[in-house]
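Asker: Build me a model:
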Amino acid sequence: MRNVLAIANKELKSYFASPIAYIVIGLFALFYGYFYAVYLQVFLRDSMSMSQMGASPQAMNVNQQMLRPVLQNVTVLLLFVLPAITMRSYAEERRSGTIELLLTSPVSDIEIVLGKFLGALGLYAVMMSVTLVHNGVLYFFGHPEWKPILTSYVGLLLLGGSFLSVGLFISTMTTNQIVAYISTFSTFLLLWVISWIGSFSTGMFTDVTAYLSIIEHFDDFTKGVIDTTHVIYYLSLITFGLFLTARSVDTERWRG
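Answerer: A predicted model of the protein is given here:
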């Protein structure tokens, strides 16, 4: 465990030693703030309209009518942002030759994979912490329900972990960061729209594509529901992605 944490710490520091962390966090904060402001204005406008019509304030639900649409837009942002986190994890080390030093060090493949995964997950957690400021302000003035917010963050953590594990595997297959980014984004997009592809068919194919869709499993989290089916799906995808990454790293070790 000590080796895993050491690699994770090194990986996290390497993100902030380059412009990547600042660009990723900055762009995410910018777009999240924009979506937050837009949906807040829509919510306030609708609230005023309901009040003028004589409806009670309870008719408007800030969780469902504001926070949920904002979080759904956050998942779209993750399609573009998370490939930037994983694209350099192995691709840059292979390009610069430092991967050989890592592979010849007294650490196992699984320790390397877990360390890099936790480092990327740490940057993702820092990025998501930006949203706590907005929700804190909303909590102070609007008093939303805290359970749907908590489950939404659990869902975002699982969703992000799934993306990162797959992105790490793709990063092991190339020395070019741009190729790694485009390939990771394309894979994420496929996992996103696969249910749309299945909607043009019927029967078992539709059910399978709906289950494989990475975004279909996120919706219940925003409603305050933690379904074990969704948790198992995300944990299975994370495990599968890390397994493929470990096999790829092991292949690289034997080639070396």
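
Asker: pLDDT wise, what is W254 at?
Answerer: Among the per-residue scores, W254 shows a pLDDT of 63.

Asker: dump the residue contacts of the spatially closest residue to P69 that is not a sequence neighbour.
Answerer: In space, and not counting its chain neighbours, P69 is closest to Y39: 5.3 Å by CB to CB, 6 or more residues apart in numbering. Heads up, the C-betas are built off the backbone N, CA and C, glycines and all. When contacts are counted by CB atoms under 8 Å, 6 or more residues apart in numbering, Y39 touches M66, P69, V70.

Asker: where's Y39, which helix or strand?
Answerer: Element membership of Y39, judged by DSSP states H and E, is helix 19-52.

Asker: With F188 instead?
Answerer: Taking DSSP H and E as the definition, F188 sits inside helix 177-198.

Asker: residue ranges for the strands of the protein, please.
Answerer: In the chain, no segments count as strands under DSSP state E.

Asker: Which residue lies nearest the spatial centre of it?
Answerer: Computing the C-alpha centroid of the chain and ranking residues by CA atoms, centre = their mean puts G160 first, at 2.1 Å.

Asker: ok, it touching L82?
Answerer: Yes. Shown here, G160 and L82 form a contact pair, counting by CB atoms under 8 Å, at 6.4 Å.

Asker: Between those two, which contacts overlap?
Answerer: Contact with both G160 and L82 is made by residues Y124, according to CB under 8 Å, 6+ apart.

Asker: related to what we said a few turns ago, tell me what angle the helix holding Y39 forms with helix 177-198.
Answerer: When axes from the mean of the first three to the mean of the last three CA atoms, to 10 degrees is applied, the directions of helix 19-52 and helix 177-198 differ by 40 degrees.

Asker: following helix 19-52, which helix or strand shows up next?
Answerer: Once the chain leaves helix 19-52, the next helix or strand it forms, by DSSP H and E, is helix 62.

Asker: what's that next one packed up against?
Answerer: Counting contacts by 3 or more CB pairs under 8 Å, 6 or more residues apart in numbering; DSSP states H and E, helix 62 is packed against no other helix or strand.

Asker: which stretches of this structure have low pLDDT?
Answerer: When residues are selected by pLDDT under 70, those of the chain lie in 50-60, 91-104, 141-142, 197-203, 252-256.
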